[in-house]
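Undergrad: Attaching a predicted model along with its sequence, questions to come.
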Amino acid sequence: MTQRPRIAIAGMAIESSTFSPHRAGARDFQRAEGEELVQRYTSLRDGTLTDAAEWLPVYYARSIPGGAVLREVYDDIKGRILDGLRALMADGGLDGLFFDIHGAMSVDGLDDAEGDLITAIREVIGADVMVSASMDLHGNVSDALVSQVDLITCYRLAPHEDTWETRDRAIRNLVETLRDGRTPRRAHVTVPILLPGEKTSTRVEPAKSLYARIDEVEQRPGVIDAAIWIGYAWADEPRCHGVVVVTGDDDAAITAAAEELGRAFWDVRDEFEFVGPPGTLAEGVDAGLAASDTPYFISDSGDNPGAGGTGDVTWTLAQLLQDERLTAEGAPTVLVGSIFDHEALAELRGKTVGETVTVTAGARVDHGPHGPVTITGVLHSLHEGDPDAGGVAVIRVGGLHAIITEYRKAYHDIADFTSIGLDPFAAQIVVTKIGYLEPTLYDAQRGWTLALTPGGVDQDLERLAHHRIQRPMFPFDSFETEPALTARLFG
């Protein structure tokens, strides 16, 4: 290709638990278009690939994880993407599309949202435009998706410290494949394993060594990219399972590599364990209070908004409020993040910081594990303007500091706490709705319990009662015979 290729940018990203009663609405999505969309990506911002193509931003929408997307919201965003692509096709056409997705989006009335979106996109741009997709390793790769993209890759680290690196790799793969005139194909292997991310972190074995194999595979002649998807465990859809895809232009090479990685994944299935010490909430509190080296972290894992929980399950907060070791005056500092409740924030805005307040909050969306909780304590602080949370209130009950937000927010970074005047390093215990600890929390912790609490992303998958996934599936079923783990070629 002698001229600079014309490459569009579009996508829609959310991780959706079908076991969560939350529905992602218009407010949940942050939007980007125009130059703002181009500037999101490191390689297009720092000059690395800026001049490699004519970058044509279309539309991108991203939400923090939650429940399924309301159909009208999905249809609106999908329509904006398709309209933008139609305009570009009418005005000079396209050579490529960077398709920025998560891969575990659920939409009311659809079983395969990303498959639906890429199919509609192909109807607009045709078969000749090369598409490169970037995904989360907790996404799902359906036949519809892998058949419609030309290049596909995903994160290689969990926690996802390589998020932007992965997107840049997908962009680079697209540019280089167009430049070199290659015709990529995909070797796809289904691996019948469905595990929560907290059992498959690349910080520990066996995922650490499994993902470390990708670099060597990727260097083989005829291979462009190799990827392993753990899949998304908290959706009950037929596409939810492990997947390996190796992309390249040598059928024999990519087939052998995909089957090799698929077998490696299957062979270590019994070795996956929780990345953090699991336990009950009570065990975590006991350990945290006994700790001499602090802060001690407790993951309220069942309602993790970073994996699709609603963020307003009150079960954990209710237990903590009943523990006089935490709520008595002079008790050690315990930070609890968080529950959201629009009405509770509206009520607290009428109060004065420092006064004693009583408010009922939480469980407006997910009230299955526990109903709303009534909190009586000192209004410690009020804050406005958080882009995710909106308003934020902190109520202190003895040593316990309960964080209440106007809208859903994940307290997954030290800065989330310090931005509202709370210092995790000065706390005895930090309780937050999360699974494995994200990097700044992990670096801060001096002890940790992964509390197996209830909610829409319950770590006990059997408690959720999947009934639409493919069977047999590890660890739900025993296997009378070994799965085929045979690669299918697409492209």
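TA: Arrived safely, thanks for sending. Numbers count the residues shown, from 1 in each chain.

Undergrad: contacting residues for L422?
TA: L335, V394, H401, I403 (CB atoms under 8 Å, 6 or more residues apart in numbering). Any C-beta I mention is one placed from the backbone N, CA and C, and that applies to glycine too.

Undergrad: hmm, who's touching the one helix or strand T177 maps to?
TA: Taking DSSP states H and E as the criterion, T177 maps to helix 163-180. Residues from elsewhere that reach helix 163-180 (CB under 8 Å, 6+ apart): 1, 5, 7, 41-44, 48-49, 52-53, 95-96, 98, 100, 130, 132-135, 150-156, 184, 224-225, 247.

Undergrad: Quick one: the contacts of L422 as JSON lines, columns for secondary structure too.
TA: Converted to JSON lines, those look like this (DSSP: H, G, I helix; E, B strand; the rest coil):
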{"residue": "L335", "secondary structure": "strand"}
{"residue": "V394", "secondary structure": "strand"}
{"residue": "H401", "secondary structure": "strand"}
{"residue": "I403", "secondary structure": "strand"}
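
Undergrad: Please, a PyMOL command that selects the buried ones among these?
TA: Applied in PyMOL, the following selects the buried portion of the contacts of L422 according to 16 or more other CB atoms under 10 Å:
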select buried, resi 335+394+401+403
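
Undergrad: Can you name the two of the contacts of L422 that sit furthest apart?
TA: L335 and V394 (8.7 Å; CB to CB).

Undergrad: Could you export the contacts of L422 as TSV, including pLDDT and distance to P305?
TA: Compiled in TSV, these are given as follows (pLDDT from 0 to 100; distance: CB to CB, whole Å):
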residue	pLDDT	distance to P305
L335	98	16
V394	98	18
H401	98	19
I403	98	13
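
Undergrad: follow-up on the earlier one: list the buried residues in the helix holding T177.
TA: Quick answer for helix 163-180 (16+ other CB under 10 Å): T166, R167, D168, R169, A170, I171, R172, N173, L174, V175, T177, L178.

Undergrad: again, but for stretch 61-69
TA: Using 16+ other CB under 10 Å as the test for burial, stretch 61-69 gives A61, R62, S63, I64, P65, G66, G67, A68, V69.

Undergrad: T310: how many residues sit nearby?
TA: T310: 28 surrounding residues under other CB atoms under 10 Å.

Undergrad: hang on, it in a helix?
TA: No. Counting by three-state DSSP, one finds T310 to be coil, located in no helix.

Undergrad: which residues are in contact with the helix or strand harbouring T190?
TA: Using DSSP H and E, T190 maps to strand 185-191. Strand 185-191 has contacts (CB under 8 Å, 6+ apart) with 141, 143, 146, 149, 152, 241-249, 251, 254-255, 257-259, 261-262, 265-266, 483, 485-491.

Undergrad: Drop anything exposed from those.
TA: Buried subset of those (neighbour count, 16+ other CB under 10 Å): 141, 146, 149, 152, 241-249, 254-255, 257-259, 261-262, 265-266, 483, 485, 487, 490-491.

Undergrad: Now, those that are in strands?
TA: The strands, defined by DSSP state E, take in I152, G242, V243, V244, V245, V246, T247, G248, F490 from those.

Undergrad: Between the residues you listed, which sits nearest L379?
TA: Distances from L379 to these, taken by CB to CB, are shortest for G242, at 47.6 Å.

Undergrad: bridging residues for the closest one?
TA: V191 (DSSP bridges).

Undergrad: Counting by contacts, list what the top helix by length along the chain packs against.
TA: In the chain, assigned by DSSP state H, the helix with the most residues is helix 71-90. Applying 3 or more CB pairs under 8 Å, 6 or more residues apart in numbering; DSSP states H and E, we find helix 71-90 packed against strand 6-13, strand 54-63, helix 113-125.
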